[in-house]
Every structure is written in structure tokens, then in C-alpha cells.
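Asker: quick one: sequence plus predicted model below, questions after.
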Amino acid sequence: MTETISPPKDGTKEAQLVSALNGKGATIVQLSGLLHWQPHTVRAAMTRLRGRGYIIDRVAKTNRSAAKFKIRKVD
């Protein structure tokens, strides 16, 4: 049985977070600026998304860039 994840309501900051985590992903600093949230609030929101069934991967940081987070597409 496949469990479906209910998407966030349109127009909410949670929806903006999910949108920003799709594709190339974003850093905590980028997400914090986009949502006008403190970094700890961004991390807490990602934890809540994980609790709802979203799979969020951390893309390792490099010498040139900070770690990015992105939602993994589930087949």
C-alpha cells in the first residue's frame, strides 16, 4: 500500500518551503531569507515535513558552498 503525502495549503509558508526544496534545493540561509524565518525555525519546519512523510536529503557542503537540502522524488 502506497501512502500519499498531503501537500501543504497553497499560499502558506510551508508551501513556499516545499517549493524551494524541490529542484536544486536550497541552503538554510537561503530558506531563512526567503521565508523571513530564523534558521532554527526553518530546521523545525523541515522536521515537521519529514514527520508528515516527505523525504528531505542533505546535499553535502563543499569548499565553495554550504550544505543544501532538497526533497527527494519518490517513485
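Answerer: Right, received. Where do you want to start? Remember, predicted model here, so these are calculated numbers, not experimental data.
Asker: only C-alpha atoms from now on, for both contacts and neighbour counts.
Answerer: Fine.
Asker: since we're on residue 16, how many residues are nearby?
Answerer: When neighbours are defined as other C-alpha atoms under 10 Å, residue 16 has 16 of them.
Asker: for residue 43, which non-adjacent residue is spatially closest?
Answerer: Setting aside the residues directly before and after it, residue 43 is nearest to residue 28 in space (C-alpha to C-alpha, 6 or more residues apart in numbering), at 7.6 Å.
Asker: residue ranges in the chain under the pLDDT threshold?
Answerer: 1-3, 74-75 (pLDDT under 70).
Asker: any idea how far the residue nearest the centre of it lies from residue 64?
Answerer: Per C-alpha atoms, centre = their mean, the C-alpha nearest to the average position across the chain is that of residue 21, at 4.2 Å. Distance from residue 21 to residue 64, counting by C-alpha to C-alpha, to the nearest Å: 20 Å.
Asker: with residue 72 instead?
Answerer: Counting by C-alpha to C-alpha, the gap from residue 72 to residue 64 is 23 Å.
Asker: ok, these two, which is more surrounded?
Answerer: residue 72 (15 against 6).
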